[in-house]
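J.: sharing a sequence plus its predicted fold:
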Amino acid sequence: MNTSLHFTPATAPNAHTCPGSFIVFEGGDGSGKTTQIRLLADALRQKLKKVTVTREPGGTKIGEKLRALVLEHGNGEIDAHTEALIFAASRAAHAHQLIRPCIERGEVVLCDRYIDSSAAYQGAGRGLGIDTIVDLSRWATNDLTPDLTIVLDVPLAVSRERAGARGAADRMESESDDFHAALSDTFIQRAAADPARYVVIDATGTLDDVHQRVLDAVSAPLGLGA
Ligand code: T5A
C-alpha cells in the first residue's frame, strides 16, 4: 500500500502576496521563542504599524481547544497520525481565520511555531515522513508561507534546563533526548535548504544577546534599516 500523500497546494510554494509580514519562530522546547517574540513585538510596536503575536498550536478559539487536547496529559492515547492531524487542523484554522486576514490588512504577524514544527515533531520525531507532513500543512493552509523563519538554536541541555525551570513537562517535552535531537537536526536542515527564508540564530547567552541577534535578522526583511 502506498501511504504517502500527494496534495496539490493551490499555489506555488512562494511567499504570500499580502502587504503585511509573516515571521515565524521555531526551535526546540524551551529554546526561548516565546520570550524573544515578546521582546521583538515590544521593539517593533515602537516603530511599526500593527504587530500581532500568536502561537501554534492555538491562536484561534478552535486552535486553543485543540492545543489543550494534544498537549495535556490525560486525554487517552493519541497515536502519531491523530496527533499530526490535530496540529494540521489547528494550523488550518489559524492560517485562514487569523494569519492571512492580519497580513492582508498589512500587519506584522509574529508566530510561535508553524509548519517546521510539524515537520520536526511529527515528520521526523514521530517518523511520519517530513515531506508528507509538510504537504499536509501546505494543503491545510492553502500554502501560506512565512516571509522569514527564525530558528533558535540551543544545545538540548540548555533548552531542557530552561523549559524545566518553567514547570511540568507536557507530552512533547517528556520525549527522549533522541527524539529532541531529531527535531533539532530537522530545523537546521530545513533552514540550510532555503537560506533566503530562514535564519538560524545562536540562542545561547543572555536574553539581550539573543534579542539583538533577532533584531539584526528582521531589520532588512521589515525594512527597518540599521
Ligand atoms: N508541536 C507544535 C508539535 O509537535 N507539532 C506542531 O506542529 C506544533 C506547532 C507546543 C508543543 O507542541 C509541539 C512542540 C511543543 O512541544 P509549547 O508550550 O508552545 O508547546 O512549547 P514551546 O513552543 O516549546 O514553548 P516553551 O515555552 O516550552 O519554549 P520557548 O517558548 O521556546 O521558551 P520560553 O521563551 O518560554 O523560555 C523558556 C524559559 O527559559 C527562559 C525563559 O525566561 C523561560 O523561563 N529563557 C532564558 N533563560 C536564560 N537565557 C535566555 N537567553 C533565555 N531565553 C529564555
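T.: That came through, no problem.
J.: interface residues of the protein facing the ligand?
T.: The chain comes close to the ligand at residues 27, 29-35, 55-57, 71, 87, 112-113, 117-118, 121-122, 162-163, 165-166, 172-173, 205-207, 210, as judged by CB under 6 Å from any ligand atom. Every residue, glycine included, has its C-beta placed from N, CA and C.
J.: ok so V24 is a strand residue?
T.: Yes: read with DSSP: H, G, I helix; E, B strand; the rest coil, V24 is one of the residues of a strand.
J.: about what we covered before: of the residues of the chain next to the ligand, which belong to strands?
T.: Among the residues of the chain next to the ligand, the residues falling in strands (DSSP state E) are G27, R55, D112.
J.: most neighbours among these, which one is it?
T.: Most neighbours among those, by other CB atoms under 10 Å: G27, with 26 neighbours.
J.: neighbours of H73, how many?
T.: A count of nearby residues for H73, using other CB under 10 Å, gives 9.
J.: er, R67 I mean
T.: By other CB under 10 Å, the burial measure for R67, its neighbour count, is 20.
J.: residues contacting it?
T.: Listed by CB atoms under 8 Å, 6 or more residues apart in numbering, the contact partners of R67 are P57, G58, S90.
J.: which SS class is it?
T.: Classification of R67 by three-state DSSP places it in helix.
J.: check V200 too.
T.: Following three-state DSSP, the label given to V200 is strand.
J.: my guess is it contacts R190, does it?
T.: No: taking CB atoms under 8 Å as the contact criterion, V200 and R190 are not neighbours in contact, 10.0 Å apart.
J.: of those two, give the one with the bigger neighbour count.
T.: The residue with more neighbours, out of V200 and R190, is R190; 22 against 18, by other CB under 10 Å.
J.: in contact with the more buried one, which residues?
T.: R190 sits next to D116, A119, Y198 when contact means CB under 8 Å, 6+ apart.
J.: I'd like to know how far I37 sits from V51.
T.: Note on I37: its distance to V51, by CB to CB, to the nearest Å, is 10 Å.
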